[in-house]
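Trainee: Next input, structure requested:
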Amino acid sequence: MPITRIPLTQPIESRTSSFAKDSRCVNGYFETRDQSKREFIKRPGLQSQTLAPAIPAGDAQGLTYFNGYLYAIVNNVVYQVDPISYTVTTVGTMTGAIQNCSMVQTMNNAYLFIQNGTNGYLLSSSGSFTQITNDTVATVTVLTGGSGYSNGTTVTFTGSCTTPATASITAVNGVIIGVTILTKGLGYTTAPTVSFTPAATVSSATVSNTSGSSIMTASTGIGSLYVGMTVSGAGVNAGTTITALSSTGGTYTITLSSTTTANVTTATFTDAGNGATATSLLNFFPTNLVPGAVFLDSYVFVATQGGRIYSSAVGDPTIWNPLDYITAESEPDNLVGIVKHFNYILGLGQWSTDFFYDGGNATGSPLAVASSYKSEIGCANGASIVQFEQSVIWIGRSKSEGPQVFLMDGTSPVKVSTVYIDRWLQKANALDTIDAYVFKMNGHTFYVLTLHGINTTLVFDINEKMWYNWSMWTLGNADTGAVDGVYGEQYFRASYYTTDGTSYFMLDDDTGKLYKLSSDYYTDDGAPIYYRCVSDIIDSGTTKRKFYTRLEIVGDKIPATMMVRHSNDDYQTWSSYRQVDLSKPRAQIYQLGEARRRAWEFLCTDAVPLRLDAAEIDFSIGELEQDGATPTNYRR
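Mentor: Here you go, the predicted model:
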């Protein structure tokens, strides 16, 4: 009697962008053993965490781990969650349209930078949350250094504001070579003018020194002395200036630029600066941002739809100079997103990708173009871009090809989606709203891609190079579990992911629920996880009628029931489910009817772990068969 084995690891092979027909596996992943045997493993489950107070239900925008806490963003509100006690603290509120947020940590975890497409925000390691505003002074550029200035020169900013900015200068040999902003001010609508006022002359100081010495001491009447002041008085060489100042126990030590000619008992210290000019620029954090926030070499980078990639001040994400940008202009397409890859920043446009590296430029953007790596694969939706370990994965697009999923291999994009997955990506509304992330568990790295417009989650197993469909069952009761008022099997709604190094956390995109993900959870917060395997149409090499006598499920022995049904008419209608007890020594059923071509479906919703191999089926072939006549079944 012929025997066939149907693997319970069926790949997605949709002839159309629908799961109504053809093979697939739902809510699990495949694992290859001994280089040939492939088994199905049920995916990890979810357990909601009890937060105190609870995060109000709303649209989730992001989840990350920073300085010992989880940070969840829901309805533009940033919440801090203790990952042990689950105590919730409201950190701050953002403005702008509710959409996915891009986040990145800065050097030494000084800040968590957040951008929501409209504005930029900084969460400091001390817990303060501030918006990066454009009403402060970002930079001062010295145009002419003048002469005769000391470091005590006063910098004045003139312009309408709420709080004026303050700054100090650095002078060398009386020439101003730089201005350091001390406080950036607040409330400026236009860049203020900058002026320099020399420090007051000090003439009341009583000093002493040894004849021929370049060191003076003074204990009274010192006033306000600064490095760079000129010194005059009996016995002082012309043009002498202060080169260093120090104070110990109330006594001031003054180092001069030249040796005096005699004992000096009185001196006049003058800041006679004149002729210096400078200009200021207000902070400029850009708008109309594309997804992505990158930290590279102490800079934070964001990008605009128009193709500009802006950088913060080195080591200071609070300051953004309007001139510090580079443009992705190898093609006339808009930018869609940016991401870090090795030591490069990738600017992904609509049909091209440019590579940038830190060129160490003294002015403007620090970035330079690595033109030899330019790719003619762009990006269909910036929210699909995810960086992980040594690569980047995203939904790409070229001028001539529709959306496909690519993985960056070194500096070359490699297509990893199948023709069947491409059909899903090309479906109407599929790319309108996307969530994507990568997580690694049980030796597998998963790219989880949710296409909200078509209520579908597709998962790429980077290790097995296989695609799966993951779903989530919404319990049928009037709670916040509804998705647009619909209950039942939905997309995998855990749409945001982070880890603290030991636990896996996920955020429900529609309710703001915080979940833990674990292989030890066999349900999704109490709702069943629907393992479903649908086979391709099987004819066993002939269209003669087959008579199916026995079916056995090969896999682990567990206290669960497998529901089995079949379709003999190309998935149009299905038989009633029959139950197979998976705990039995032989998990099998008998008398399964006849068909020329048949597809099978296997379904298990029990709260148990699953590891399955195949369905083994005995059948015989009707040999003496005529059209319109009852076939005769001969068994051997």
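Trainee: only C-alpha atoms for contact and neighbour calcs from this point on.
Mentor: Will do.
Trainee: residue ranges with poor pLDDT in the stretch 451-600 of the chain?
Mentor: Judged by pLDDT under 70, the stretch 451-600 of the chain has its weakly predicted residues at 475-487.
Trainee: If we use 50, what do you get?
Mentor: Applying pLDDT under 50 to the stretch 451-600 of the chain flags residues 477-486.
Trainee: And for the stretch 1-150 of the chain?
Mentor: With pLDDT under 50 as the threshold, the stretch 1-150 of the chain has no low-confidence stretch at all.
Trainee: need the strands for the stretch 501-636 of the chain, in chain order.
Mentor: Per DSSP state E, counting those that start in this stretch, the stretch 501-636 of the chain has strands spanning 504-508, 514-518, 523-524, 527-528, 531-534, 546-555, 561-567, 578-581, 588-590, 594-595, 599-604, 611-624, 632-633. These are given in chain order.
Trainee: As JSON lines, the ones you listed with distance to Ser471 would be great.
Mentor: Rendered in JSON lines, the data for these read as follows (distance: least, CA to CA, whole Å):
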{"stretch": "strand 504-508", "distance to Ser471": "13"}
{"stretch": "strand 514-518", "distance to Ser471": "14"}
{"stretch": "strand 523-524", "distance to Ser471": "10"}
{"stretch": "strand 527-528", "distance to Ser471": "10"}
{"stretch": "strand 531-534", "distance to Ser471": "9"}
{"stretch": "strand 546-555", "distance to Ser471": "23"}
{"stretch": "strand 561-567", "distance to Ser471": "18"}
{"stretch": "strand 578-581", "distance to Ser471": "23"}
{"stretch": "strand 588-590", "distance to Ser471": "27"}
{"stretch": "strand 594-595", "distance to Ser471": "31"}
{"stretch": "strand 599-604", "distance to Ser471": "13"}
{"stretch": "strand 611-624", "distance to Ser471": "18"}
{"stretch": "strand 632-633", "distance to Ser471": "42"}
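Trainee: Which strands and helices lie in contact with the helix or strand hosting Trp470?
Mentor: Using DSSP states H and E, the secondary-structure element containing Trp470 is strand 466-474. In terms of contacts (3 or more CA pairs under 8 Å, 6 or more residues apart in numbering; DSSP states H and E), strand 466-474 is packed against strand 24-26, strand 28-33, strand 456-461, strand 488-491, strand 527-528.
Trainee: re earlier: looking at the strands of the stretch 501-636 of the chain, which is closest to Thr418?
Mentor: With distances scored as CA to CA, the stretch of these nearest to Thr418 is strand 531-534 (17.9 Å).
Trainee: centre of the chain versus that closest one, how much separation?
Mentor: Computed by CA atoms, centre = their mean, to the nearest Å, the separation of strand 531-534 from the middle of its chain amounts to 32 Å.
Trainee: Quick one: the helices and strands packed on strand 466-474 as TSV, columns for distance to Cys161 and mean neighbour count too.
Mentor: Supplementary listing: those in TSV, determined by distance: least, CA to CA, whole Å; neighbours: other CA atoms under 10 Å:
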stretch	distance to Cys161	mean neighbour count
strand 24-26	60	24
strand 28-33	59	19
strand 456-461	50	22
strand 488-491	50	18
strand 527-528	57	20
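Trainee: Out of the strands of the stretch 501-636 of the chain, flag the one nearest Ser298.
Mentor: That would be, of the strands of the stretch 501-636 of the chain and by CA to CA, strand 504-508, which comes in at 28.3 Å.
Trainee: Using CSV, write down the CA coordinates of that closest one.
Mentor: Coordinates of the C-alpha atoms in strand 504-508 are reproduced here as CSV (Å, rounded to 0.1, in the frame of the first residue of the first chain):
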residue,chain,number,x,y,z
TYR,A,504,11.8,40.0,25.8
PHE,A,505,9.2,42.7,25.9
MET,A,506,6.6,43.7,23.3
LEU,A,507,4.0,46.4,23.0
ASP,A,508,0.5,46.0,21.5
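Trainee: How far off centre is it?
Mentor: The chain centroid and the centroid of strand 504-508 are separated by 14 Å under CA atoms, centre = their mean.
Trainee: What pairs with it, parallel or antiparallel?
Mentor: Strand 504-508 pairs in its sheet with strand 494-499 (antiparallel), strand 514-518 (antiparallel), by DSSP bridges.
Trainee: how about the nearest residue to Ser204 once chain neighbours are set aside, what does it touch?
Mentor: Leaving out its chain neighbours, the residue that sits closest to Ser204 by CA to CA, 6 or more residues apart in numbering is Gly221, at 5.6 Å. Contacts here follow CA atoms under 8 Å, 6 or more residues apart in numbering; on that basis Gly221 touches 204-206.
Trainee: Throw these into JSON lines and include neighbour count and pLDDT, thanks.
Mentor: As requested, those are arranged in JSON lines below (neighbours: other CA atoms under 10 Å; pLDDT from 0 to 100):
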{"residue": "Ser204", "neighbour count": "14", "pLDDT": "77"}
{"residue": "Ala205", "neighbour count": "18", "pLDDT": "77"}
{"residue": "Thr206", "neighbour count": "17", "pLDDT": "80"}
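Trainee: so of the residues you listed, which ones are in strands?
Mentor: Secondary structure assignment by DSSP state E places Thr206 of these in strands.
Trainee: which helices and strands does the host helix or strand of Thr170 pack with?
Mentor: Using DSSP H and E, Thr170 maps to strand 166-172. In terms of contacts (3+ CA pairs under 8 Å, 6+ apart), strand 166-172 is packed against strand 154-158, strand 175-183.
Trainee: was I right about Thr265 contacting Thr210?
Mentor: No. Thr265 lies out of contact with Thr210 (CA atoms under 8 Å); the separation is 10.0 Å.
Trainee: Tell me which of the strands paired with strand 504-508 approaches Met229 most closely.
Mentor: Go through the strands paired with strand 504-508 one by one with CA to CA and the one that ends up closest to Met229 is strand 494-499, at 56.5 Å.
Trainee: which parts of the closest one are buried?
Mentor: Residues of strand 494-499 classed as buried: 494-499 (neighbour count, 16 or more other CA atoms under 10 Å).
Trainee: would you turn the residues you listed into JSON lines with distance to Ile6?
Mentor: Written out in JSON lines, the entries for those read as follows (distance: CA to CA, whole Å):
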{"residue": "Ala494", "distance to Ile6": "31"}
{"residue": "Ser495", "distance to Ile6": "33"}
{"residue": "Tyr496", "distance to Ile6": "35"}
{"residue": "Tyr497", "distance to Ile6": "34"}
{"residue": "Thr498", "distance to Ile6": "37"}
{"residue": "Thr499", "distance to Ile6": "37"}
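Trainee: out of the residues you listed, which one sits closest to Ser195?
Mentor: The closest of the buried residues of strand 494-499, once distances to Ser195 are taken by CA to CA, is Thr498, at 49.4 Å.
Trainee: Quickly list the domain ranges of this structure.
Mentor: Per automatic domain parsing, the structural domains of the chain span 3-43+530-633, 135-282.
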